[in-house]
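S.K.: Provided below for reference: sequence and predicted model.
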Amino acid sequence: MGECPRGDLRASETSSMTDSISPDPLFSISDRVTIVSGGSRGIGKEMAAEFARRGAPVVVTGRTAETLEATVSEISDETSSPVRGIVCDVARPTDISRMVEEVIGEFGRIDVLLNVAG
C-alpha cells in the first residue's frame, strides 16, 4: 500500500487558519444552528463560545439551570450570536425529545450537534 502524503504546514501557515474565520463558505459555521450538549462548563462551554464567536446560533444544554444561565449570559455578552440554554439530561430520552422540539420550534432546524456531555 502506498503512503498518504502529509502536508508540510509551518506554524506561520497554520496560525492564519486558526486566527480567522474560514473565508471558504463550505467550511463556514455562520448561521449553522448548533447544539452543544454538556456545554455549560469546561470544554463544552469553550466550544459553545467559539461557535457563537464564529456566527452560529448556539443552544447549550446541561443539567443545572443556574450554570446554564451563567454560561448563556457570559457567551451572549461577548458575541452577537443568539445563545440559548435548555436544561436537558442526555441520559433521559424524554429530555432529549423535548430539547429537540424546542430547538426546531425556535430555529427551524438543527445543523450541528456536539456531544460533550459525559
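M.R.: Yep, it's here.

S.K.: and the strands in this structure, which stretches?
M.R.: 34-37, 58-62, 83-87, 112-115 (DSSP state E).

S.K.: okay, the ones you listed, which one's buried deepest?
M.R.: Compared across these, strand 58-62 shows the largest average neighbour count, a mean of 28 (mean count of other Cβ atoms under 10 Å). For glycine as for every other residue, the C-beta is placed from the backbone atoms N, C-alpha and C.

S.K.: contacts for that strand next, please.
M.R.: Contacts with strand 58-62, where a contact means Cβ atoms under 8 Å, 6 or more residues apart in numbering, come from 33-41, 44-45, 48, 51-52, 68, 71-72, 75, 81-88, 90, 99, 103, 107, 117.

S.K.: just the buried residues of the residues you listed.
M.R.: 33-41, 44-45, 48, 51-52, 68, 71-72, 75, 81, 83-88, 90, 99, 103, 107, 117 (16 or more other Cβ atoms under 10 Å).

S.K.: wait, isn't Leu68 in contact with Val83?
M.R.: No. Applying Cβ atoms under 8 Å, one finds Leu68 not in contact with Val83, separated by 10.2 Å.

S.K.: for the chain, which spans come out with low pLDDT?
M.R.: Applying pLDDT under 70 to the chain flags residues 1-23.

S.K.: quick one, helices of it?
M.R.: Here the chain has its helices, by DSSP state H, at 11-18, 42-53, 65-78, 93-107.

S.K.: which other helices and strands contact the last one?
M.R.: Read that as helix 93-107. strand 58-62, strand 83-87 (3 or more Cβ pairs under 8 Å, 6 or more residues apart in numbering; DSSP states H and E).

S.K.: quick one: buried residues of it?
M.R.: Quick answer for helix 93-107 (16+ other Cβ under 10 Å): 95, 99-100, 103, 107.

S.K.: from these, which single one is nearest Ile29?
M.R.: Phe107 (14.1 Å; Cβ to Cβ).

S.K.: was I right to think the closest one contacts Thr34?
M.R.: No. The pair Phe107 and Thr34 fails to qualify as a contact (Cβ under 8 Å) at a distance of 9.7 Å.
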